[in-house]
Structures are given as structure tokens and as C-alpha cells.
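Asks: Pasting the sequence and the predicted model now:
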Amino acid sequence: SINGLHNQNTRDSSYNITLPNITFNVNRFYPFKRKNRVGKERFYEQISLGYGATFQNKISFKAKEIRDPDFFSKLQAGMNHRFSIGLPSFTLLKYLNFSPGISYGMNWHFQEQHPEYNPETNRVEYHKSPQYSTFGVSQDFSASMSMSTRIYGTYMFTLPNSKLKAIRHMITPSMSFSYKPEMGVPMNGYMTYTYTDNNGETQSIDYNKYAGGLYQPPSKGQTAGLSFELRNNLEAKIRDDQDTTGVGTKKVKLIDNLGIRGSYNFLADSLKLSTLSVSGNT
């Protein structure tokens, strides 16, 4: 789809114009799936791919700034690519269901910023290149593995006159491990600027030459975390007094989705375990 977006505020005469705004999406598909399958589905036939892209050319300004000589320096443009890769799910020990996944993203940048030390102000100032004067790429990647199963327990009441016939407890534990490698690398625009200040001392700062653009580069730091959740459902089977046969029953929900969830960051310096949250309905 291709369209243009226009937004203006009559109170302060501010404008936001995006022209063009282009989106391109490919529905999830299975490249290795056989058209005429014979026998059981093979594991590689479950591999799926998906893709989406967005290109924007955007400018934000106020009415009085239209005639400024640097008006077009306010222009921002960029393109974002999103790839999703679905891997085959599998079962271990008959009851543990595992689902791996991979996500990959890419941003195209058409502008860069570079620092320069100003001895008059004794500060580092950033200067941006004109839009579409350069081309750069930043990339993001992550992988995950999730596991889920269900555990049932039922207690039957055998007293003949008891209205309560049975209670069933269903426990649904699940956990997901995710990993993101270090993305604060020169390939993603992370650089170091070294300069000599007015005192003759050598200083250095870290910066990203793609920062401040329409699409931001990935953040620094690698992450490896485990998120977990334990959900509980409690149901009762009771005698249905409206049943004329006297043997009819009906189900009643006592506790619906009583869950506890949290996460654990293996690479954190401290406070690796997150705050645990509990929620439920009845």
C-alpha cells in the first residue's frame, strides 16, 4: 500500500507530513511444504517465513519555518524490514511441547550524524548530513524457545446424597527462554569519537551515527532471560437440580486463571529475578 499522511495543529501551526508512506507485507508461508503430501508431515515442512517492510519520508515543521534556508534539513526518511522465521515445534517426554522461534530486523538509514568538538563552547556538537546523502544498515536479531504443558487432577466424591460430584484442578505451566546477542557494534553504527579539550586533555565519547533518525538502531547489551508462568483453573461438577432424571450434572468454575508470572535475567548485574505478579478471576 502507498499513501500520504497529513496532520496539522491549528493552535500552534505545526504540520506533520509523510509522503510517501509505503508498506509491503508477505503473508506467512511454508517454503518447504509439499503440495501433494504423502504420509506424515516432515519436520522441515513446518518451517515458515514472513516478511514486512515500511518506508517513510517524513517532515515536521511549523508554518513560519517554511521559508527557512535549512527547511529540508528537517526531513526524515528510513526503511524498516521485519523477518519472522517459524521453526518446527516438537514434543519431548510425550507431554512437553516446545516451540522455537527466530526474529530478524533490519533498518535502512539515509542520514548520519557525526560529533565535532567546539572549543568556543567547550562542548561536543552533532552535525547531521543531508537526507539521502548516505546509506547505512543496522540489524537486530533474537532467538527464543518456549515450553508448555498441562497437568490435570480430579477428585471424585462418592457420597450418594452429595451435591458436589467432583473437583478438577488444571495446572498450565509455561516458560520461554530468549536470547539477544550484543548489538552495540560498529556494524550497527556504534562509534567512538576522541578529541582534545581546551585543557589539553584527551577525551572520548561513544555515539551512534544513525541515532536521531526515523528508525533507531538496536540498543547496546546482550540479554538472556527466562520468563515463566503458572496458571491454575479449578472447576466443580455438581448435581443439576433442574434435571428430572436426578443424575444430570453441570460444571461450575471456582477459580479461573489464577496465575503467577515473572522473569529471570541471567546477564543482569543484580536483581536478576523480576517482581512476581499474581492475578486471577472468579
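Replies: Now that the structure is in, tell me what you want to look at.

Asks: And the helices in the stretch 1-150 of the chain, which stretches?
Replies: Counting by DSSP state H, counting those that start in this stretch, the stretch 1-150 of the chain forms no helices at all.

Asks: Can you show me the strands along it?
Replies: Using DSSP state E, counting those that start in this stretch, the strands of the stretch 1-150 of the chain run over 2-9, 14-29, 48-62, 76-86, 90-92, 96-109, 113-118, 123-128, 136-148.

Asks: Need the contact partners of the fifth one.
Replies: The one in question is strand 90-92. Residues outside strand 90-92 that contact it (Cβ atoms under 8 Å, 6 or more residues apart in numbering): Phe43, Asn97, Phe98. Every residue, glycine included, has its C-beta placed from N, CA and C.

Asks: Can you report how many residues neighbour the last one?
Replies: By the measure other Cβ atoms under 10 Å, the count of residues near Phe98 is 15.

Asks: Let me know whether it touches Ser174 as I believe.
Replies: No. Here Phe98 does not reach Ser174: they are 10.9 Å apart, not a contact under Cβ atoms under 8 Å.

Asks: got any residues that touch both of those two?
Replies: Each of Ser146, Met147 lies in contact with both Phe98 and Ser174 under the rule Cβ under 8 Å, 6+ apart.

Asks: Show me what the most centrally placed residue in the chain is bridged to.
Replies: When Cα atoms, centre = their mean is applied to the chain, the residue found nearest the centroid is Ser103 (9.1 Å). Counting by DSSP bridges, Ser103 is bridged to Ser84, Ser142.

Asks: Ok, the one 5 residues further on next?
Replies: Using DSSP bridges, the bridge partners assigned to Trp108 are Met79, Val137.

Asks: likewise Glu229?
Replies: Legend: beta-bridge partners of Glu229 under DSSP bridges are Ser174, Arg261.

Asks: For it, give its distance to Ser176.
Replies: Going from Glu229 to Ser176 by Cβ to Cβ, to the nearest Å gives 9 Å.

Asks: follow-up on the earlier one: same list (the strands of the stretch 1-150 of the chain) but as CSV, adding mean pLDDT and distance to Leu273.
Replies: Below are these laid out as CSV (pLDDT from 0 to 100; distance: least, Cβ to Cβ, whole Å):
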stretch, mean pLDDT, distance to Leu273
strand 2-9, 95, 43
strand 14-29, 94, 35
strand 48-62, 94, 33
strand 76-86, 93, 30
strand 90-92, 90, 26
strand 96-109, 94, 23
strand 113-118, 94, 38
strand 123-128, 93, 39
strand 136-148, 95, 19
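
Asks: Appreciated, that's everything.
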